[in-house]
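> using only what follows, build the 3D model:
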Amino acid sequence: MSSVLLAAAGGFVTPEIDWHALAPELVILATLVICLLIDVFTDEGSRWTASSFAGIGMLAAMVPLFTLHMRELDAGVMFGGGYVVDDFSLVLKGLFLMAGYVTVLISTNQIAEGDYPEGEYYQLLLAAVFGMMVMSSSRDLITIFVAFEMLSIPTYLLAAWRKRTQTGIEAGMKYYLMGVFATGVMLYGMSLIFGGTGTTLISEIGEQVAGSFGQKPVAVVGIIFTLVGFAFKVSAVPFQNWAPDTYEGAPTPVTAFLSVASKSAGFVAMLQLVFIGFFGRADVIRPFMFILAVLTMTVGNVIALRQTNVVRLFAYSSVAQAGFILTPLAVVGAGDAATQSQVLSSVVLYLLIYTVVNLGAFAVIITVSRRTRSGELASWGGLFTYAPGLAVAMAVFLFALGGIPPAVGWFAKFQLFTAVVSAHTALGYAAGVAMAVNSVISLGYYLGVMRTMFMDDVPDGDTTPVKVPVALSAAVGLTLAATLLVGVMPNLVADLADHATFTLSLGL
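Numbering: from 1, shown residues only. Okay, the predicted model is just below:
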């Protein structure tokens, strides 16, 4: 079991720490402290600077990611293997920092208008991003749990930020109560794993799960319960009930953040546990993930068809997308090493693409909502007549989510489909059919939004052009450019996903 203090020569010595490997996390911590000092020592009129420092800090934290990628990362294994800075963690840390930066952009004008207090908001956002970054390097059950709580607790508070509205209180309470329940289930599973193996290092757990311990019923129960805890975080069915009400009641920038970064952190933990800790019982994981994936994508898509509120529609869309991301895990352990590498890279690739596209869609939703003052889909009628740029951008994002070229979503879905069918298993073929059917179902509501924007009349008859703030324009522009550019040249992100491999893994 990893520990901050290692026993040696009858005493305890402090282990060696690779400060370069920890540099991204340290930059975020320093930024968090700066935002805290701004909140404490400046007046209300100057606290807007916290958003600027938060954005700069996240961009600055990306610099050591590039320098770490250029060096040999063997020294990035710390605390007895409990914290590893490998290519997988670097790619996912970059994803979390990018998502956090875009969230800052889409939050700026909302906060400036007084929707919720400024100072604490960016502190909680930075704290959540820090927890996600720690999660991507955690290779120990205790570290994973601590990182899980570091990202969860700030998001509970962010979800309930509009504490003077009933929907805001409902959003926070549902997310918190369901989160606490999921944490209890996850901890119970972890305790069973620890009790049977005597270690919390997931690399050592993987060795014992592949051996005699993995054949015991308690190992199967521990694996399922642990994965269920993270299934809640990714809003997989039947653990998705919190998502629609939380997404609708939370501030829209928080909803965007929860739908991508928080969800991605849950998938990161699941990938580490599945490929390193539980790979020896892939025969148990495959049917569990198949059922979870098919239920999640189907329930999410079918319910989304009946939504009239655009945020709730995207909430159920987010549930369905989680099902797509889970699908390759239905063939984990089946096939050769190349197939397993493809399974891992396809999930990472989808996370990268989905994050960019969904953040762009929410940036458009925020911009339009500033004009319509409504979340109802009917209020989007005739958007093309008075905001053609926003309508076209939203159409591109919807095409991407639906998997229609040239938007990048087609490549993400193609890679997932290739990964599941290349295993040549019955579950893989069935999962591929489920993906194809659900892709068609999803077009029903994605194209429905487009029809409203381009073909319906403006509800109030007001066709005054929309004034888009600079920060929101930047968020829409960056995500739109990435969606189109990578859609035409998918290798830009495919190579990145292919290099997101574990240093310590039994499966690869």
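> how close does the nearest residue to Met98 once chain neighbours are set aside sit to Phe414?
Spatial nearest neighbour of Met98, chain neighbours left out: Thr355 (7.2 Å); criterion: C-beta to C-beta, 6 or more residues apart in numbering. C-betas here are computed from N, CA, C, even on glycine. To Phe414, Thr355 is 18 Å away according to C-beta to C-beta, to the nearest Å.
> between those two, which is the more surrounded one?
More crowded of Thr355 and Phe414, by other C-beta atoms under 10 Å: Thr355, with 23 against 15.
> next secondary structure after the host helix or strand of the more buried one?
Assigned by DSSP states H and E, Thr355 falls within helix 337-372. Next in sequence after helix 337-372, counting helices and strands by DSSP H and E, comes helix 383-386.
> can you give me the buried ones in that following helix?
By 16 or more other C-beta atoms under 10 Å, the buried positions in helix 383-386 come out as Leu383, Phe384.
> contact partners of it?
Helix 383-386 has contacts (C-beta atoms under 8 Å, 6 or more residues apart in numbering) with 368, 390-392, 394, 452-454, 458, 462-466.
> could I get the full set of strands for the stretch 201-350 of the chain?
With DSSP state E, counting those that start in this stretch, there are no strands along the stretch 201-350 of the chain.
> same question for the stretch 1-150 of the chain.
Per DSSP E, counting those that start in this stretch, the stretch 1-150 of the chain has strands spanning 6-8, 11-13, 77-78, 83-84. These are given in chain order.
> which of those strands comes out lowest on mean pLDDT?
Ranked by mean pLDDT, the strands of the stretch 1-150 of the chain bottom out at strand 6-8, which scores a mean of 42.
> so how far is the strand or helix carrying Ser473 from its chain's centroid?
Using DSSP H and E, Ser473 sits in helix 470-488. Relative to the centre of its chain, helix 470-488 is centred 19 Å away, using C-alpha atoms, centre = their mean, to the nearest Å.
> next one: stretch 124-141
So, by C-alpha atoms, centre = their mean, the centroid of stretch 124-141 is 12 Å from its chain's centroid.
> then stretch 294-308?
With C-alpha atoms, centre = their mean as the basis, stretch 294-308 stands 19 Å off its chain's centre.
> how about stretch 65-79?
Offset of stretch 65-79 from its chain centre (C-alpha atoms, centre = their mean): 23 Å.
> ok, now stretch 337-351?
Offset of stretch 337-351 from its chain centre (C-alpha atoms, centre = their mean): 16 Å.
> so what touches that stretch?
Contacts of stretch 337-351 (C-beta under 8 Å, 6+ apart): 88, 91-92, 95, 264, 267, 271, 275, 324-325, 328-329, 331-333, 411-413, 415-416, 418-419, 422-423, 493-494, 497-498, 500-501, 507-508.
> can you tell me which of those are buried?
Buried among the contacts of stretch 337-351 by 16+ other C-beta under 10 Å: 88, 91-92, 95, 264, 267, 271, 275, 324-325, 328-329, 331-333, 411-413, 415-416, 419, 422-423, 493-494, 497-498, 500-501, 507-508.
> low-confidence regions, the stretch 351-500 of the chain specifically.
Within the stretch 351-500 of the chain, not a single segment meets pLDDT under 70.
> any idea of the pLDDT on Leu73?
51.
> equivalent analysis for the one 3 residues further on, please.
Here the pLDDT value assigned to Gly76 is 74.
> that one and Glu204, how far apart?
Taking C-beta to C-beta as the measure, Gly76 falls 19 Å from Glu204.
> same question, Leu192
Using C-beta to C-beta, Leu192 is found at 16 Å from Glu204.
> rewinding a little: the helix holding Thr355 to helix 470-488, inter-axis angle?
Using axes from the mean of the first three to the mean of the last three C-alpha atoms, to 10 degrees, the inter-axis angle of helix 337-372 relative to helix 470-488 is 150 degrees.
> buried set for helix 337-372?
Residues of helix 337-372 classed as buried by neighbour count (16+ other C-beta under 10 Å): 339-340, 342-372.
> now do stretch 469-488
Buried positions in stretch 469-488, judged by neighbour count with 16+ other C-beta under 10 Å: 469, 471-480, 482-484, 486-487.
> what's the most distant pair in the residues you listed?
Across the buried residues of stretch 469-488, the longest distance by C-beta to C-beta is 26.6 Å; it joins Pro469 and Gly487.
> how about the nearest residue to Lys233, chain neighbours excluded?
With C-beta to C-beta, 6+ apart, the residue lying closest to Lys233 is Gly266, at 3.2 Å.
> quick one: residues contacting Asn365.
Careful, residue 365 is Ile and not Asn. Contact analysis of Ile365 by C-beta under 8 Å, 6+ apart lists Thr252, Val310, Val311, Phe314.
> go with 7 Å
Going by C-beta atoms under 7 Å, 6 or more residues apart in numbering, Ile365 touches Thr252, Val310, Val311.
> and what of Thr49?
Ile38.
> distance-wise, check it relative to Tyr121.
According to C-beta to C-beta, Thr49 stands 13 Å off from Tyr121.
> before we move on, what about Phe278?
Distance of Phe278 to Tyr121, given as C-beta to C-beta: 37 Å.
> ditto for Val437
According to C-beta to C-beta, Val437 and Tyr121 sit 41 Å apart.
> just Ala330 next, same as before
Distance of Ala330 to Tyr121, given as C-beta to C-beta: 39 Å.
> repeat that for Thr165.
Look at Thr165 and Tyr121: by C-beta to C-beta, they are 16 Å apart.
> more neighbours: which of the two?
Legend: neighbour count by other C-beta under 10 Å for Thr165 and Tyr121, higher for Tyr121 (28 against 12).
> what's the closest non-adjacent residue to the residue nearest to the spatial centre of the chain?
Nearest to the geometric centre of the chain sits Ser264, at 2.1 Å (C-alpha atoms, centre = their mean). Spatial nearest neighbour of Ser264, chain neighbours left out: Leu351 (5.0 Å); criterion: C-beta to C-beta, 6+ apart.
> from Val91, how far out is that neighbour?
Here Leu351 is placed at a distance of 9 Å from Val91 (C-beta to C-beta).
> and Thr483, what does it touch?
Per C-beta under 7 Å, 6+ apart, neighbours of Thr483: Val356, Val357, Gly360, Val396, Phe397, Ala400, Ala407, Val408.
> run a quick neighbour tally on the last one.
By the criterion of other C-beta under 10 Å, Val408 has 29 neighbours.
> tell me the pLDDT of Lys93.
93.
> which helix or strand contains the residue lying closest to Thr298 once chain neighbours are set aside?
Excluding the flanking residues, the one nearest Thr298 by C-beta to C-beta, 6+ apart is Asn438, at 6.1 Å. Asn438 belongs to helix 426-455 when assigned by DSSP H and E.
> how far is that helix from where the chain is centred?
Computed by C-alpha atoms, centre = their mean, the chain-centroid distance of helix 426-455 equals 21 Å.
> show me what counts as buried in that helix.
By 16+ other C-beta under 10 Å, the buried positions in helix 426-455 come out as 427-428, 431-432, 434-435, 438-439, 441-443, 445-446, 448-450, 452-454.
> and stretch 51-65, how far out from the chain middle?
Its chain's C-alpha centre and that of stretch 51-65 lie 19 Å apart, by C-alpha atoms, centre = their mean.
> can I get it in CSV, CA atoms only?
Extracted C-alpha coordinates of stretch 51-65, given in CSV (Å, rounded to 0.1, in the frame of the first residue of the first chain):
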residue,chain,number,x,y,z
SER,A,51,-12.0,35.0,-13.6
SER,A,52,-8.9,36.4,-15.5
PHE,A,53,-6.5,34.8,-13.0
ALA,A,54,-8.4,31.5,-13.1
GLY,A,55,-8.2,31.4,-16.9
ILE,A,56,-4.5,32.4,-17.0
GLY,A,57,-3.7,29.8,-14.3
MET,A,58,-5.3,26.9,-16.3
LEU,A,59,-3.5,28.0,-19.4
ALA,A,60,-0.2,28.2,-17.4
ALA,A,61,-0.8,24.7,-16.0
MET,A,62,-0.7,23.3,-19.6
VAL,A,63,2.9,24.4,-20.1
PRO,A,64,4.4,21.7,-17.8
LEU,A,65,2.2,19.1,-19.5
